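S.K.: Build me a model:
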Amino acid sequence: MAKVLLIEDEWQLGQIVKDSLEMRGFDMLYAADGREGLQMFQQHKPDVVVLDIMMPNMDGFMVTAEIRKTDKYTPIIFLTAKSQTVDVVKGFELGGNDYLKKPFSMDELIVRIKALLKRFDEQPVPQEADEGSVIIGQYAFNYAKQTLTRNHNTEFMSHREAEILRRLYEHKNEVMERKKVLLDLWGDDNFFNARSMDVFITKLRRYLKDDSRVQIVNIRGVGYKLIF
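M.R.: Next comes the predicted model:
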């Protein structure tokens, strides 16, 4: 039985959702504001969190940011009014996984919850870092050894691949400037060197493809961003 933490300051809506999910077999926890919800998350460790964005004391963004400081994997679904949809982008950047616009149907919420639980259940336990390694999603990256390991499967990287990944990691969730890397590693940011760097980025994406939450995003005209 999946344990769901619902954080919703509209009490009537909260009770409707709580009762409806309980009738469908979910183990429900309910909090009426963000601060209480964060405390319940830390105490009960739910399988999935469903929370409103606009709440007193702590809004949904603040709750998500606090959760992601210690827990990178528990699925989070945002509930948002139509006028707030643009803010969902911020929620995803903070670590949210899905969202629903209000008003929503219970069937749709249940489908979203089950889909996230299934997806996360199917994913392997995150790799533990050995000495000298850093964690990138489900991978352990060892720059000195030039290795990338997931589930005891190790990929041996070239020096340049490892160097680029190290710089991406150092700028994780920020933009790594393309020109600076070209000048540092190639000594020139001409067209041919830029194409060469694109090839290395493509290889790194292939190495990291088995964890869908890890992405190397192309920021057109500026550089790349490693997100996880």
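
S.K.: CA only for contacts and neighbour counts going forward, please
M.R.: Will do.

S.K.: isn't T74 right up against V48?
M.R.: Yes - counting by CA atoms under 8 Å, V48 is a contact partner of T74 at 5.8 Å.

S.K.: The two - which one has more neighbours?
M.R.: V48 (21 against 18; other CA atoms under 10 Å).

S.K.: Okay, now the unreliable bits of this protein?
M.R.: Along the chain, segments meeting pLDDT under 70 span 82-86, 120-131.

S.K.: As a check, name the ranges of all strands in it.
M.R.: 3-7, 27-31, 48-52, 76-81, 98-102, 133-136, 139-142, 147-150, 153-156, 175-177, 215-219, 223-227 (DSSP state E).

S.K.: Just send the ones you listed back as TSV, with distance to K114 too.
M.R.: Output for the strands of the chain, formatted as TSV (distance: least, CA to CA, whole Å):
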stretch	distance to K114
strand 3-7	11
strand 27-31	13
strand 48-52	10
strand 76-81	11
strand 98-102	12
strand 133-136	26
strand 139-142	26
strand 147-150	26
strand 153-156	29
strand 175-177	34
strand 215-219	24
strand 223-227	25
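
S.K.: Looking at the ones you listed, which is nearest to S196?
M.R.: Among the strands of the chain, the nearest to S196 by CA to CA is strand 223-227 (14.0 Å).

S.K.: Pull the contacting residues for T149.
M.R.: Counting by CA atoms under 8 Å, 6 or more residues apart in numbering, T149 touches Q127, Y139, A140, F141, E155.

S.K.: if we go to 6 Å?
M.R.: T149 makes contact with Y139, A140, according to CA atoms under 6 Å, 6 or more residues apart in numbering.

S.K.: Report the beta-bridge partner residues of it.
M.R.: A140, T154 (DSSP bridges).

S.K.: Now do it against R213, distance only.
M.R.: 16 Å (CA to CA, to the nearest Å).

S.K.: Same question for L94.
M.R.: For L94 relative to R213 (CA to CA), the value is 13 Å.

S.K.: most centrally placed residue in this structure?
M.R.: G95 (4.3 Å; CA atoms, centre = their mean).

S.K.: Now the phi/psi pair for it, please.
M.R.: phi 120, psi 10 (degrees, to the nearest 10).

S.K.: ok, now which ones touch it?
M.R.: For G95, counting by CA under 6 Å, 6+ apart, there are no contacting residues.

S.K.: how does it look with 8 Å?
M.R.: Per CA under 8 Å, 6+ apart, neighbours of G95: T64, A65, R68, K72, I76.

S.K.: Kindly report the same for L94.
M.R.: L94 neighbours (CA under 8 Å, 6+ apart): F61, T64, A65, R68.

S.K.: got it, and S158?
M.R.: Contacts of S158 (CA under 8 Å, 6+ apart): Q146.

S.K.: Can you show me the helices along this protein?
M.R.: Per DSSP state H, the chain carries helices over the ranges 11-23, 34-44, 60-70, 88-94, 106-122, 159-170, 178-185, 191-207.

S.K.: Can I get the ones you listed in a markdown table including distance to G223?
M.R.: A markdown table is the format used below for the helices of the chain (distance: least, CA to CA, whole Å):
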| stretch | distance to G223 |
| --- | --- |
| helix 11-23 | 43 |
| helix 34-44 | 36 |
| helix 60-70 | 26 |
| helix 88-94 | 18 |
| helix 106-122 | 30 |
| helix 159-170 | 10 |
| helix 178-185 | 4 |
| helix 191-207 | 10 |
